[in-house]
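A.B. asks: below is the structure, and that's it, no one-letter string:
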């Protein structure tokens with residue numbers, strides 16, 4: 001089952017549209033600590049740690065929700081929040097930290113290495129959630145699934161993320177209001193996490209012939 005930029009974007013935005021209320025509410029909840037830190041000016045280090053940890057928790061919650069939604073089950077707010085109460089949460093946090101640190105260092109150093117790692121590990125979180133692998137196994141699995149599709153995967157992600165991030169920065173600078181940035185970042189998170197899940201499902205469908213329903217069944 002082949003796919004392209006158009007089908008990936010249409011699938012992603014349809015998924016977000018149909019589940020926006022629950023996804024957005026969860027994103028607001030998990031992004032709230034960063035909003036509080038911004039208000040009290042807790043310092044860069046505190047803000048960075050809080051942002052990374054809460055983003056990983058949000059990613060876990062929305063990843064599972066998006067997988068269920070692709071299989072035809074519309075998860076509610078409470079169900080999504082409860083997804084962080086998992087016995088393997090430590091492993092998921094470790095994966096998220098590795099991804100964030102390595103990608104950020106790559107972007108800071110020369111940009112290109114960071115973008116390459118981003119494309120390489122794009123679907124590691126859905127992979128570890130569905131396939132219950134180790135952190136290293138999830139990273140290897142993502143690398144295998146994205147092989148020969150990395151330029152397309154990176155291009156789709158950039159097409160969505162770059163204009164949105166620029167818009168958030170501009171509006172945040174113009175308004176100077178933390179809440180505006182909080183709302184916009186929550187909306188962007190729902191789209192980007194949903195996109196990684198869609199890419200994971202499309203890549204597995206293309207390479208292995210599995211359906212979203214079969215992928216979601218592994219969550220039970």
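C.D. replies: That came through, no problem. Here the structure is a predicted model, which is why all the values come from computation and not from measurement.
A.B. asks: all the helices of the protein, residue numbers only.
C.D. replies: In the chain, helices defined by DSSP state H lie at 5-40, 44-70, 77-82, 89-109, 112-120, 124-131, 135-146, 150-175, 178-208, 212-217, listed in chain order.
A.B. asks: packing partners for the longest one?
C.D. replies: Read it as helix 5-40. In terms of contacts (3 or more Cβ pairs under 8 Å, 6 or more residues apart in numbering; DSSP states H and E), helix 5-40 is packed against helix 44-70, helix 77-82, helix 150-175, helix 178-208. The way it works is simple: take the backbone N, C-alpha and C, and place the C-beta from them, glycine included.
A.B. asks: what does the fifth one give?
C.D. replies: Helix 112-120 sits against helix 89-109, helix 135-146, helix 150-175, with contacts defined as 3+ Cβ pairs under 8 Å, 6+ apart.
A.B. asks: mind checking how far it is from the chain centre?
C.D. replies: Chain-centre distance of helix 112-120: 15 Å, with Cα atoms, centre = their mean, to the nearest Å.
A.B. asks: where in this structure is pLDDT low?
C.D. replies: Scanning the chain for pLDDT under 70 picks out 42.
A.B. asks: nearest the geometric middle of it, what residue?
C.D. replies: Nearest to the mean C-alpha position of the chain, counting by Cα atoms, centre = their mean, stands residue 193 at 2.7 Å.
A.B. asks: returning to that earlier point: of all the helices and strands packed on helix 112-120, which lies closest to residue 34?
C.D. replies: Evaluated over these, closeness to residue 34 peaks at helix 150-175, with 12.8 Å, by Cβ to Cβ.
A.B. asks: list phi and psi for residue 71.
C.D. replies: phi -90, psi 0 (degrees, to the nearest 10).
A.B. asks: out of the helices and strands packed on helix 5-40, the one nearest residue 138 is which?
C.D. replies: Per Cβ to Cβ, nearest to residue 138 of these: helix 178-208, 10.8 Å.
A.B. asks: mean neighbour count for the helices and strands packed on helix 112-120 - can I get that in JSON lines?
C.D. replies: Below are these laid out as JSON lines (neighbours: other Cβ atoms under 10 Å):
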{"stretch": "helix 89-109", "mean neighbour count": "16"}
{"stretch": "helix 135-146", "mean neighbour count": "19"}
{"stretch": "helix 150-175", "mean neighbour count": "14"}
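A.B. asks: out of the ones you listed, which is closest to residue 80?
C.D. replies: Here helix 89-109 is closest among the helices and strands packed on helix 112-120 (Cβ to Cβ), at 14.5 Å.
A.B. asks: verify the stated contact: residue 89 with residue 61.
C.D. replies: No - contact criterion Cβ atoms under 8 Å: residue 89 and residue 61 do not qualify, at 10.7 Å.
A.B. asks: what sits in contact with each of these two?
C.D. replies: Common neighbours of residue 89 and residue 61 (criterion: Cβ atoms under 8 Å, 6 or more residues apart in numbering): none identified.
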